[in-house]
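Trainee: pasted the sequence and its predicted model underneath.
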Amino acid sequence: MKTILFPFVLLVAISFSSCEKDEPVDPSPIVEIPDTGNVGDTLLQSNLDYLVAKQEIPGIAVLTVDGSGIIESGVSGRTIMGNNEKVALLSQWHIGSITKSMTATLVGILVEKGYLTWETTISDIVDEGYLPEYGNVTFEQLLSHTSGILANDYPVDPNDSRPISVIRQEWSITVLNIPRNDGFTYSNNGYVVAGTLLELITGETWEQLMIEHLFQPLEMTETGFGVPGNDGSPNQPWGHQFNNGQWSPVDPMDIMADNPAALGPAGTIKTTLADLEKYIQLHLGNTDVIQSGTLEKLHTEVSGSGYALGWNVTDNGVFHSGSNARWFAQLFISKEDQFANFAVTNSYDADGNISIPSVLEALQLMAERLLNAQ
């Protein structure tokens, strides 16, 4: 029997606001909590609908995968809070820092192809533009957040129209001229530096490398960069921020709809449930795109940090969360048990009281449904 992880489930307190004295009491009946059910029944949709209504979030999508493919998937809610356009199984979703696992996977593939090694250092690639103390920093350190690079993101001008790679190099030079920290420091900057170095090694942009070496081999044809809808495609979910007690949708064509494009290696990928399943199969060891030894390297904790290469590590498997402060997602994978769970919402509240608990509750629901089917 598989060991099912209930990843970081939080008890969510639901608060009810009382009516004013002279207001009539709402006679509507209390919505009945649906049975959890199990994989293969018809109760997944009612559970997702209930979760969206209870948490008052715009939308949510869930996915459970094993070595044979998608066990079940589902969506509920709206593309934009307050409109009538429903999210769909074919919708794209922004996965934020889950992108880090993809960048680390790209590095693993390029290591296998001889472009570099895990121990390739910054000074092996460039000999100037950084403090000397960074010269011996390796790709393994960059991808495990043990390089000593600070955590604060570089302030990119959203109106900067220069090529992304130029901005990325400027970003990297800036952070590599600030004294190193000691130990583990979770940092987007380390991934931006890693992406910059890959561009210098190969002469291609990080985006081109992702498409050529990861997306195309896995046939992830609906995966791209930036927020869903930023290419003008209609009916895609919009991200939402919680402001003054209500959800504010963010137009995907707005310049502030996502993190700066230069941050790409750390967190700007969008994908569909079907495409994500293909990526999950890679990490379950069920493709010929990457070798098993490289997967083991990607999933192995570095220096007791609790982090591997693009993944947080638990006793049960690996996981990562992702958010651009308008979406929130989490992916858990157990290669040993050939099992993965994913959930995402097109919403994010800075206090962490709505979107994060919603995703965690959805992950628990999917795990319980799978367990009930065994």
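Mentor: Okay, I see it. These numbers were taken from a predicted model, which means no experiment stands behind them.

Trainee: contacts for stretch 305-321?
Mentor: 3, 5, 7, 96-98, 100-105, 107-108, 140, 143-146, 183-184, 186, 283, 297-302, 328-337, 339 (CB atoms under 8 Å, 6 or more residues apart in numbering). (Glycine included, C-beta is placed from N, CA and C.)

Trainee: narrow those to those in helices?
Mentor: Residues of these located in helices (DSSP state H): 100-105, 107-108, 140, 143, 283, 297-299.

Trainee: how many other residues sit next to the closest residue to Q338 other than its chain neighbours?
Mentor: Among residues not flanking Q338 along the chain, G67 sits closest, at 4.0 Å (CB to CB, 6 or more residues apart in numbering). For G67, the neighbour count with other CB atoms under 10 Å is 14.

Trainee: kindly report the same for N244.
Mentor: Neighbours of N244 using other CB under 10 Å come to 5.

Trainee: G322 now?
Mentor: G322 has 23 nearby residues by other CB under 10 Å.

Trainee: and it, what are its phi and psi?
Mentor: As for G322, its main-chain torsions (degrees, to the nearest 10) stand at phi -150, psi 140.

Trainee: mind checking how far the nearest residue to it once chain neighbours are set aside is from N188?
Mentor: Once flanking residues are discounted, G322 sits nearest to G96: 2.6 Å by CB to CB, 6+ apart. Computed as CB to CB, to the nearest Å, the G96 to N188 distance reads 10 Å.

Trainee: next: I122.
Mentor: To N188, I122 is 17 Å away according to CB to CB.

Trainee: can you check S321 too?
Mentor: Distance from S321 to N188, by CB to CB: 13 Å.

Trainee: those two - which one has more neighbours?
Mentor: N188 (23 against 19).

Trainee: the more buried one contacts G264, correct?
Mentor: No - here N188 does not reach G264: they are 10.2 Å apart, not a contact under CB atoms under 8 Å.

Trainee: hang on, the earlier thing: identify the contacts common to S321 and N188.
Mentor: S97.

Trainee: how about the contacts made by V289?
Mentor: V289 neighbours (CB under 8 Å, 6+ apart): 109, 214, 217-218, 282.

Trainee: for those residues, work out which two are farthest apart.
Mentor: I109 and L218 (10.7 Å; CB to CB).

Trainee: could you give the number of residues near D337?
Mentor: D337, neighbours per other CB under 10 Å, totals 17.

Trainee: over to S233?
Mentor: 12.

Trainee: got phi/psi on it?
Mentor: phi -70, psi 130.

Trainee: returning to that earlier point: so can I have CSV of the contacts of V289 showing pLDDT and distance to Y154?
Mentor: Converted to CSV, the contacts of V289 look like this (pLDDT from 0 to 100; distance: CB to CB, whole Å):
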residue, pLDDT, distance to Y154
I109, 98, 27
L214, 98, 25
P217, 98, 31
L218, 98, 31
L282, 98, 30
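
Trainee: closest to L197 among these?
Mentor: Distances from L197 to the contacts of V289, taken by CB to CB, are shortest for I109, at 15.2 Å.

Trainee: and the contacts of V289, which of them are buried?
Mentor: 109, 214, 217-218, 282 (16 or more other CB atoms under 10 Å).

Trainee: please identify which of the residues you listed is nearest to Q291.
Mentor: Out of the buried ones among the contacts of V289, the member with the shortest distance to Q291 (by CB to CB) is I109, at 9.2 Å.

Trainee: list the contacts of A261.
Mentor: 164, 167, 225-226, 268.

Trainee: 6 Å - rerun?
Mentor: By CB atoms under 6 Å, 6 or more residues apart in numbering, A261 lies in contact with I164.

Trainee: output the contacting helices and strands for the longest helix anywhere in the chain.
Mentor: The helix that spans the most residues within the chain, counting by DSSP H, is helix 355-372. Applying 3 or more CB pairs under 6 Å, 6 or more residues apart in numbering; DSSP states H and E, one finds that helix 355-372 contacts strand 59-66, strand 328-334, strand 339-345.

Trainee: nearest to A362, out of these?
Mentor: The nearest among these, by CB to CB, is strand 339-345 at 3.9 Å.

Trainee: show me the strands in this structure, by range?
Mentor: Using DSSP state E, the strands of the chain run over 59-66, 69-77, 92-94, 224-225, 239-243, 246-250, 269-272, 312-313, 318-322, 328-334, 339-345.

Trainee: would you turn these into a markdown table with distance to E133 and mean pLDDT?
Mentor: Formatted as a markdown table, the strands of the chain follow (distance: least, CB to CB, whole Å; pLDDT from 0 to 100):
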| stretch | distance to E133 | mean pLDDT |
| --- | --- | --- |
| strand 59-66 | 42 | 98 |
| strand 69-77 | 47 | 98 |
| strand 92-94 | 35 | 98 |
| strand 224-225 | 32 | 98 |
| strand 239-243 | 38 | 97 |
| strand 246-250 | 39 | 97 |
| strand 269-272 | 31 | 98 |
| strand 312-313 | 27 | 98 |
| strand 318-322 | 28 | 98 |
| strand 328-334 | 34 | 97 |
| strand 339-345 | 38 | 98 |
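
Trainee: tabulate those strands in TSV, adding columns for distance to Y115.
Mentor: Below are the strands of the chain laid out as TSV (distance: least, CB to CB, whole Å):
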stretch	distance to Y115
strand 59-66	30
strand 69-77	31
strand 92-94	28
strand 224-225	21
strand 239-243	34
strand 246-250	37
strand 269-272	21
strand 312-313	26
strand 318-322	24
strand 328-334	25
strand 339-345	28
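
Trainee: what's the closest of the ones you listed to N83?
Mentor: Nearest to N83, of the strands of the chain and by CB to CB, is strand 246-250 at 8.6 Å.

Trainee: in that closest one, what counts as buried?
Mentor: For strand 246-250, by 16+ other CB under 10 Å, it's 247, 249-250.

Trainee: lovely, talk soon.
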